[in-house]
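> Need coordinates for the following:
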Amino acid sequence: MQEQREDTLKFPDLDSVPVQDKAGIDACAASFEAGDVAVSHRERLQLAVSMVDLTTLEGADTPDKVRAMCEKALRPSPSRASIPHVAAVCVYPTLVGVAAKALQGTPVRVASVAGAFPSGQAPLDLKLSEIRYAVSEGADEIDIVISRGKFLDGHYREVFDEIAQSKEACGAAHLKVILETGELQSYDHIRIASELAMAAGADFIKTSTGKISPAATLPATLVMLNAILDYHQKTGRMVGMKPAGGIRSAAQAMQYLSMLEQILGEGWMTPEWFRFGASSLLDDLVEAYPARAGD
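Numbering: from 1, shown residues only. As a prediction, the model looks like this:
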């Protein structure tokens, strides 16, 4: 994954951000939802499994629960060797060490939410401290959420600076920036938040915490994918995408992959550049996976 040096970060020209056509976006997103999606396509299901960030973010999470999730992440269906491992597990910072130990020496990455997830309501120094703690415990990836209150009040520079400092605090870990699209009130706001996050150094932009409704939606994802496309055309830097929350079925996952392929193309059709944030999606992907002799 490409890296972006802090000294190259530049606040985006928000006056040039295109106004979002709500009717057009809704119609385009609806075409993916209504499309003929084959959920029995073996290779596409394998790809979807390999893109999952298997997640547990509950107050009752325990080390044993995280260890069991790590086993599932490595072998989603122990009796079917052709089903691949997932991309990552995602946990709270206090359980990163447990996950890192369980997954040591494996290709499954450890992601941690941090920065006062899911509210984002904490002083910046505490957010940065939590990011550094998660990285020190072994997190490969950090998922933060923007300060929606500051954003909705129009304090875009503060939001940008918080993301940039969070990126710096990550060190070698990759940064995913959650926009919490369900609280941003308009597609124009989603586009502006996407621009801020990418310009501030985000490696991925992500729809949702999964803690509010609506979480991930096809229209919000479409806005974000178009922002990524335009950003790549302007800068040459690829940014990943992670829809998260509410994606529970293989059929839904196929809709998102169809949209990804059409908007961004084959270059983004890998776990390096696209993830599903999910807790129950994996089970449905495995259930939909067609049996074949020798599995």
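> Run through the stretch 151-295 of the chain and note the low-pLDDT ranges.
Scanning the stretch 151-295 of the chain for pLDDT under 70 picks out 291-295.
> Which parts of it are strands?
174-178, 204-206, 240-242, 276-278 (DSSP state E, counting those that start in this stretch).
> Using a markdown table, lay out the ones you listed together with distance to residue 55.
Where C-beta positions appear, they are placed from N, C-alpha and C, glycine not excepted. Putting these into a markdown table (distance: least, C-beta to C-beta, whole Å) gives the following:
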| stretch | distance to residue 55 |
| --- | --- |
| strand 174-178 | 12 |
| strand 204-206 | 11 |
| strand 240-242 | 11 |
| strand 276-278 | 6 |
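> Take the ones you listed and write them to TSV, including distance to residue 80 and mean neighbour count.
Output for the strands of the stretch 151-295 of the chain, formatted as TSV (distance: least, C-beta to C-beta, whole Å; neighbours: other C-beta atoms under 10 Å):
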stretch	distance to residue 80	mean neighbour count
strand 174-178	29	27
strand 204-206	29	27
strand 240-242	26	24
strand 276-278	19	28
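> right, so of these, which gets closest to residue 163?
Judged by C-beta to C-beta, the one of these that comes nearest to residue 163 is strand 174-178, at 5.8 Å.
> for the closest one, packing partners?
strand 141-145, helix 156-170, strand 204-206 (3 or more C-beta pairs under 8 Å, 6 or more residues apart in numbering; DSSP states H and E).
> Looking at the ones you listed, which is nearest to residue 42?
Using C-beta to C-beta, the helices and strands packed on strand 174-178 put strand 204-206 closest to residue 42, at 26.8 Å.
> does the residue lying closest to residue 141 once chain neighbours are set aside count as helix, strand or coil?
Distance criterion C-beta to C-beta, 6 or more residues apart in numbering; nearest residue to residue 141, sequence neighbours excluded, is residue 111 at 4.0 Å. At residue 111, secondary structure determined by DSSP: H, G, I helix; E, B strand; the rest coil is strand.
> next one: stretch 176-188 to chain centre, how far?
Put simply, stretch 176-188 sits 13 Å off its chain's centre (C-alpha atoms, centre = their mean, to the nearest Å).
> ok so, going back, settle this for me: the residue nearest to residue 141 is touching residue 88, isn't it.
Yes: assessed by C-beta atoms under 8 Å, residue 111 is found in contact with residue 88 at 4.6 Å.
> Now for these two: what residues contact both?
Shared contacts of residue 111 and residue 88 (C-beta atoms under 8 Å, 6 or more residues apart in numbering): 53, 140, 141.
> Quick check: which of the strands of the stretch 151-295 of the chain is nearest to residue 47?
strand 276-278 (10.6 Å).
> I'd like to know which elements that closest one is packed against.
Using 3+ C-beta pairs under 8 Å, 6+ apart: strand 276-278 touches strand 52-55.
> Show me what the helix or strand following the strand it packs on is in contact with.
Scanning forward in sequence from strand 52-55 by DSSP states H and E, the next helix or strand is helix 63-74. Here helix 63-74 makes contact (C-beta under 8 Å, 6+ apart) with 54, 56, 85-86, 88-89, 91, 95, 98-99, 102-103, 106, 108, 282.
> picking that back up, could the shared contacts of residue 111 and residue 88 be laid out in TSV, adding neighbour count?
Formatted as TSV, the shared contacts of residue 111 and residue 88 follow (neighbours: other C-beta atoms under 10 Å):
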residue	neighbour count
53	27
140	20
141	23
